[in-house]
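S.K.: Give me a model of this one.
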Amino acid sequence: MKEILTVQLNSNNINDSLWKNDANYLQGDFKMKNDEYYMKMAIEEAKLASSKNEVPIGAIIVQEDKVIGTGHNLRESHQRSIAHAEILAIDDACKQVGSWRLEEATLYVTLEPCAMCAGAIVLSRIKRVVYGAKDPKGGCAGTLMNLLEEERFNHQVEVDTGILEDECGQLLSSFFKELRMKKKHAKKQKEDTGI
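M.R.: Numbering: from 1, shown residues only. Now for the predicted structure:
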């Protein structure tokens, strides 16, 4: 439930334009806290992926302050290249609302969307995307290119970045560090046993 901020303006002791700036700041502050709240939910989805030995990427979709879709990476488990967190969350949300159009929805995802996911986001008419960590190898929401705000498409998506970026990035870094250690250990065992 959104908090409502009410203030009585007294023209004798407050400049209206100053108040508007302060109100915008407060609204932005509320939006940031809301974004952090929902990003924490996406991080929980990413942790579910990690518990299944999947790359820890999680996504949730929110509309009218209600979660309408969730997803986490399942590419390895399902052996499907399209089982990305965003795609699964979009599919879940569409089923929940009974429509392919998610025009008033916000998607929260722990890693910047790839080209495939950016395309699905545009096609499902999602209003806004909030992501945590940038993807220097495949990010298509501003890093390598920005498909979400591409003006040649018939729909553009508002993009906000860096929400809980360190926490989202750390999940990925820890996962890949552990994966490298497991591979190194397995290789050493193989060499030690001569197999």
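S.K.: Sketch out the low-pLDDT regions of this protein for me.
M.R.: For the chain, the stretches with pLDDT under 70 are 1-32, 194-195.
S.K.: hmm, who's touching the strand or helix carrying Ser77?
M.R.: Assessed by DSSP states H and E, Ser77 sits inside helix 75-78. For helix 75-78, the surrounding residues in contact (Cβ atoms under 8 Å, 6 or more residues apart in numbering) are Lys52, Asn53, Glu54, Val55, Ser81, Ala83, His84. (Glycine included, C-beta is placed from N, CA and C.)
S.K.: Distance of the closest residue in space to the first one that isn't next to it in sequence relative to Asp92?
M.R.: What it means is Lys52. Computed as Cβ to Cβ, 6 or more residues apart in numbering, the closest residue to Lys52 that is not its neighbour in sequence is Ser77, at 5.6 Å. As judged by Cβ to Cβ, to the nearest Å, Ser77 and Asp92 stand 16 Å apart.
S.K.: Could you tell me how far Gly139 is located from Ser81?
M.R.: Using Cβ to Cβ, we find Gly139 at a distance of 18 Å from Ser81.
S.K.: Look at those two and report which has more neighbours.
M.R.: Gly139 (21 against 8; other Cβ atoms under 10 Å).
S.K.: Would you check that the more buried one makes contact with Pro113?
M.R.: Yes - taking Cβ atoms under 8 Å as the definition, Gly139 is a contact partner of Pro113 at 7.3 Å.
S.K.: ok so, going back, output the helix holding Ser77 in PDB with nothing but the alpha carbons.
M.R.: The C-alpha coordinates for helix 75-78 follow below in PDB (Å, rounded to 0.1, in the frame of the first residue of the first chain):
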ATOM      1  CA  ARG A  75      17.900 -22.600 -18.600                       C
ATOM      2  CA  GLU A  76      19.900 -25.500 -17.300                       C
ATOM      3  CA  SER A  77      17.000 -27.300 -15.400                       C
ATOM      4  CA  HIS A  78      14.700 -27.000 -18.400                       C
END
